[in-house]
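Participant: Just the structure for this:
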Amino acid sequence: MSSQDKDLIYSSPQSVVNDFRFDAQVVEVFPDMIKRSVPGYSTIIETIGQLSARYAQDNTNIYDLGCSLGAASLAMRQNIVAENCNIIAIDNSKDMVERCQMHVNAFKATTPCEVKQGDILTENMQNASMIVLNFTLQFIAPEQRQTLLNNIANALVPGGILVLSEKIYDHDPVCRDLLNDLHHNFKRANGYSDLEIAQKRAAIENVMKPDELSTHIERLTQAGFNHATPWFQCFNFFSLIAIK
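Facilitator: Next up, the predicted model:
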């Protein structure tokens, strides 16, 4: 990996740490940032692909909300066996969308994938058999999260699924400190310095507001999902499946 592809955004002291944004600077190093920051990310992506083989239904849409560079979209595209499916990948970052489109163009598959810049809160989702929110909901304002999940549930056909991956907040301060420490050790083991960890935390704390797992389950129940279960957790990162 060249130094241009490595995440060095917070490696030098910053007099003012600005709020984190998915801009061109982040896009350039995003794969490295995710790999070194999110434990189990590759497992989550691979499993999203497996789930698409099982749950994607003929003549339906598949949504990747907050698609970033399209990792989940590409995993689904490679695994979908249902006929006449369409993947719709949406992100509000112009820089992310442009690079995602390049990735989609580079890998040919029978399932078409539309990449577009947009607001997932106002997207008119419909006739969906699978919707993915992969570390996206945590960047939505808390007061808007229930409405988004309601829209997702309404867009899903019977038997459709939502894959929701998030960083979670533990209400128990002892457990919360332990999970945070384990995550910071994970980042140190992947080459991040204490300075980088501290500055990234300062940049993201006003932008990303994680919920407790129980809050996620309550919202999904209120949205009308009949079944919801966590299938993955490593430290304070988890993924769950909700079935309509």
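Participant: Only the buried residues of stretch 126-137, if you could.
Facilitator: Ala128, Ser129, Met130, Ile131, Val132, Leu133, Asn134, Phe135, Thr136, Leu137 (16 or more other CB atoms under 10 Å). C-beta here means a position set from N, CA and C on the backbone, and glycine is covered the same way.
Participant: same check, this time on stretch 97-107
Facilitator: For stretch 97-107, by 16+ other CB under 10 Å, it's Val97, Arg99, Cys100, Gln101, His103, Val104.
Participant: Off-centre distance for it?
Facilitator: With CA atoms, centre = their mean, to the nearest Å as the basis, stretch 97-107 stands 17 Å off its chain's centre.
Participant: just stretch 115-130 next, same as before
Facilitator: For stretch 115-130 - counting by CA atoms, centre = their mean - the centre lies 15 Å from the chain centre.
Participant: do stretch 227-244 as well
Facilitator: Put simply, stretch 227-244 sits 13 Å off its chain's centre (CA atoms, centre = their mean).
Participant: Same check on stretch 133-150?
Facilitator: In terms of CA atoms, centre = their mean, the gap separating the centre of stretch 133-150 from the centre of its chain is 11 Å.
Participant: pLDDT below threshold where in the protein?
Facilitator: 1-4 (pLDDT under 70).
Participant: For it, which helix extends over the most residues?
Facilitator: helix 173-189 (DSSP state H).
Participant: just to revisit the earlier point, sort out which one of the buried residues of stretch 97-107 lies nearest Phe225 for me.
Facilitator: Cys100 (27.6 Å; CB to CB).
Participant: distance of Asn151 from Ile131?
Facilitator: 10 Å (CB to CB, to the nearest Å).
Participant: Now the common contact residues for these two.
Facilitator: Listed as contacting both Asn151 and Ile131 by CB atoms under 8 Å, 6 or more residues apart in numbering are Met125.
Participant: list the helices and strands the longest helix of the chain packs on?
Facilitator: The contact analysis (3 or more CB pairs under 8 Å, 6 or more residues apart in numbering; DSSP states H and E) places helix 173-189 against helix 194-204.
Participant: Downstream of the helix it packs on, the next helix or strand is which one?
Facilitator: Following helix 194-204 in sequence order, the next helix or strand is helix 213-223 (DSSP states H and E).
Participant: Going by neighbour count, which residues in that next one are buried?
Facilitator: Per 16+ other CB under 10 Å, helix 213-223 contains these buried residues: Leu213, Thr215, His216, Ile217, Arg219, Leu220, Ala223.
Participant: how much space between the second one and Arg201?
Facilitator: In other words, Thr215. Distance from Thr215 to Arg201, by CB to CB: 22 Å.
Participant: elements contacting the helix or strand hosting Ile44?
Facilitator: Using DSSP H and E, Ile44 maps to helix 41-55. Packing partners of helix 41-55 (3+ CB pairs under 8 Å, 6+ apart): helix 24-37, helix 71-79, strand 128-134, strand 156-167, strand 227-234, strand 237-243.
Participant: do you know which of those lies nearest Gly49?
Facilitator: Of all the helices and strands packed on helix 41-55, helix 71-79 comes closest under CB to CB, at 3.4 Å.
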